[in-house]
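In: here's a sequence, model it:
(2 chains)
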Protein chains: 2
Amino acid sequence: MKIGQYAFDEFVDKVREFHGSAAPGVIAGGVMVDIAREHLPQGKLYDVVCESAKCLPDAVQLLTPCTLGNGWLKVCETSRYALAFFDKYTGEGVRVFLDASALGPWPALRAWFLKEKAKAEQDQAEIVEEIKKAGRSIYGIEHVRVKRDFLASRTRRHRPVSLCPSCGEAYMADLGQRCPACMGTGPYETG
Amino acid sequence: MKIGQYAFDEFVDKVREFHGSAAPGVIAGGVMVDIAREHLPQGKLYDVVCESAKCLPDAVQLLTPCTLGNGWLKVCETSRYALAFFDKYTGEGVRVFLDASALGPWPALRAWFLKEKAKAEQDQAEIVEEIKKAGRSIYGIEHVRVKRDFLASRTRRHRPVSLCPSCGEAYMADLGQRCPACMGTGPYETG
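Out: Alright, predicted model coming up:
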């Protein structure tokens, strides 16, 4: 079984290097990336949306030109273990998800996915082995159309920059009279 | 000038490979990562928050063990060009930002940062050259404490999984009786 251009075990090494551990979520995510790509028309420019920030984005970033920083990968948090590859102009695309109902034959994988066991009681190597053996049998595929907010016409539009009158830093002027941090929604405690 | 373990031009190549182009935002972001790390106590485990999803996360993912998928990198969108490295238990950390008021001597960099010119009229190589020549003179540093929501005690807590009664997929049960997608906040058009 290959994942992208890699042999399965070679991909596991790549995941370890980038993600810091051979996380089952990134490895299964690699299979999902392959499935999604095979179901897309060839030669189209696609963007990707992950429905969780956990694990899945790293599979996409390892295997495709899409990264968070270049804007071709986005996260829309539903907490479902799913991703979609879609035409960046029309929004038409393919969604791939890990199908909980297909996990019966794979007890370690099931216990991991449904968090039936505490992390300390799980055997990561066993879960990864089950992902390998399960091949493509545990994923579902469906056609989707993403919302307009995710299309290139919205995400690549020109947005003017202003200097925030409170902090003096540059920010996107369409967000308000002051930057979001100075309006209280930044990541820091004030004072 | 080095960025991380790389010579400047070598880092530019790494950026091109991962990000798809030698984007000034990722290259300046690399300098910011270096500055932040130098101002942190040695040997601490840190997490990172980027204040924009554009460019900056790719610098962090190229130069540190922190990725979006492993949860050590988060985005809190203020649209400011800034990042913070912080102690994942206490939230104490260092914020580095590109200081618009220091860009006077760097016209190409300034025009890029403040979007004073259309993208087609900008010379990417010239901007990158100015980033290189400006060295560390164009960044500001400040001490910050991130909000509790970003601390490990919140982001690594155990969250039970349920199967959504509408779509049948696994999701984080604390998000509601049905998954966010079935409650309308997913990335897809319905129908």
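In: contacts and neighbour counts: CA atoms only from here.
Out: Will do.
In: now the element after the worst-scoring helix or strand of chain A on mean pLDDT, going C-ward?
Out: Every helix and strand in chain A was compared by mean pLDDT, DSSP states H and E; the lowest is helix A:152-155, with a mean of 82. Sequence order places strand A:161-163 as the next helix or strand after helix A:152-155, per DSSP states H and E.
In: who does that following strand pair up with?
Out: Within its sheet, strand A:161-163 is paired with strand A:170-172 (antiparallel), according to DSSP bridges.
In: got a list of contacts for the strand it pairs with?
Out: Strand A:170-172 is contacted from outside by A:159-164, A:179, B:78-81, B:100, B:114, using C-alpha atoms under 8 Å, 6 or more residues apart in numbering or on different chains.
In: who wins on neighbours among those residues?
Out: Using other C-alpha atoms under 10 Å in any protein chain shown as the neighbour criterion, residue A:179 leads the contacts of strand A:170-172 with 27 neighbours.
In: any idea how far residue A:102 is from chain B?
Out: Distance from residue A:102 to chain B, counting by C-alpha to the nearest C-alpha, to the nearest Å: 11 Å.
In: same check on residue A:30?
Out: According to C-alpha to the nearest C-alpha, residue A:30 and chain B sit 13 Å apart.
In: surely that residue forms part of a strand?
Out: No - going by DSSP: H, G, I helix; E, B strand; the rest coil, the assignment for residue A:30 is helix, not a strand.
In: so who does it touch?
Out: A:3, A:4, A:59, A:60, A:63 are the contacts of residue A:30 under C-alpha under 8 Å, 6+ apart.
In: one more pass at 6 Å, please.
Out: residue A:59 (C-alpha atoms under 6 Å, 6 or more residues apart in numbering or on different chains).
In: what's the closest non-adjacent residue to the residue of chain A positioned farthest from its centre?
Out: No residue in chain A sits farther from the centre than residue A:165, which is 35.8 Å out by C-alpha atoms, centre = their mean. Spatial nearest neighbour of residue A:165, excluding adjacent residues (C-alpha to C-alpha, 6 or more residues apart in numbering or on different chains): residue A:178 at 6.4 Å.
In: tally up the residues packed near that neighbour, please.
Out: So residue A:178, with other C-alpha under 10 Å, has 20 neighbours.
In: can you give me the helices in chain A?
Out: Here chain A has its helices, by DSSP state H, at A:8-19, A:24-38, A:56-63, A:107-113, A:124-134, A:152-155.
In: least reliable of those going by mean pLDDT?
Out: Ranked by mean pLDDT, those end with helix A:152-155 at the bottom, a mean of 82.
In: what's the distance between that one and the middle of its chain?
Out: 19 Å (C-alpha atoms, centre = their mean, to the nearest Å).
In: does that helix come close to chain B?
Out: No - between helix A:152-155 and chain B, judged by C-alpha under 6 Å from any C-alpha of the partner chain, nothing touches; the nearest distance is 10.9 Å.
In: can you list contacts of that helix?
Out: A:88, A:89.
In: near chain B, which residues of chain A?
Out: A:19, A:53-55, A:57-58, A:69-70, A:78-80, A:114, A:145-147, A:161, A:170-172, A:180-181, A:187-189.
In: buried subset of those as a ChimeraX selection?
Out: Only the buried entries of the residues of chain A next to chain B go into this ChimeraX selection, using 16 or more other C-alpha atoms under 10 Å in any protein chain shown:
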select /A:19,53,54,55,57,58,69,70,78,79,80,114,145,146,161,170,171,172,180,181,187,188
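In: in strands, which of the residues of chain A next to chain B appear?
Out: A:145, A:161, A:170, A:171, A:172 (DSSP state E).
In: among these, which pair sits farthest apart?
Out: Farthest pair in these (C-alpha to C-alpha) is A:145 and A:170. Separation: 34.3 Å.
In: quick one: low-confidence ranges for chain A?
Out: Chain A contains residues with pLDDT under 70 at A:191.
In: and it, what are its domain boundaries?
Out: For chain A, the domain assignment from automatic domain parsing gives the residue ranges A:2-155, A:160-191.
In: so which of the ones you listed is nearest residue B:44?
Out: domain A:2-155 (16.6 Å).
In: ok now that closest one, how far from the chain's centre?
Out: With C-alpha atoms, centre = their mean, you get 6 Å for domain A:2-155.
In: mind checking the end-to-end distance for it?
Out: 33 Å (C-alpha to C-alpha, to the nearest Å).
In: residue A:13: which of the ones in strands among the residues of chain A next to chain B is nearest?
Out: Distances from residue A:13 to these, taken by C-alpha to C-alpha, are shortest for residue A:145, at 33.9 Å.
In: quickly note the distance from that closest one to residue B:161.
Out: 26 Å.
In: contacting residues for residue A:168?
Out: Applying C-alpha under 6 Å, 6+ apart, no residues qualify as near residue A:168.
In: any idea how far it is from residue B:81?
Out: Residue A:168 sits 12 Å away from residue B:81, going by C-alpha to C-alpha.
In: on that earlier part again, so the residue nearest to residue A:165 sits against residue A:167, correct?
Out: No - checked against C-alpha atoms under 6 Å, the pair residue A:178 and residue A:167 is beyond contact range at 8.5 Å.
In: that older thread, and the contacts of strand A:170-172, which two are furthest apart?
Out: Top of the distance list for the contacts of strand A:170-172 (C-alpha to C-alpha): A:159 and B:100, 17.2 Å.
In: kindly provide the distance from residue A:9 to residue A:131.
Out: From residue A:9 to residue A:131 the distance is 12 Å (C-alpha to C-alpha).
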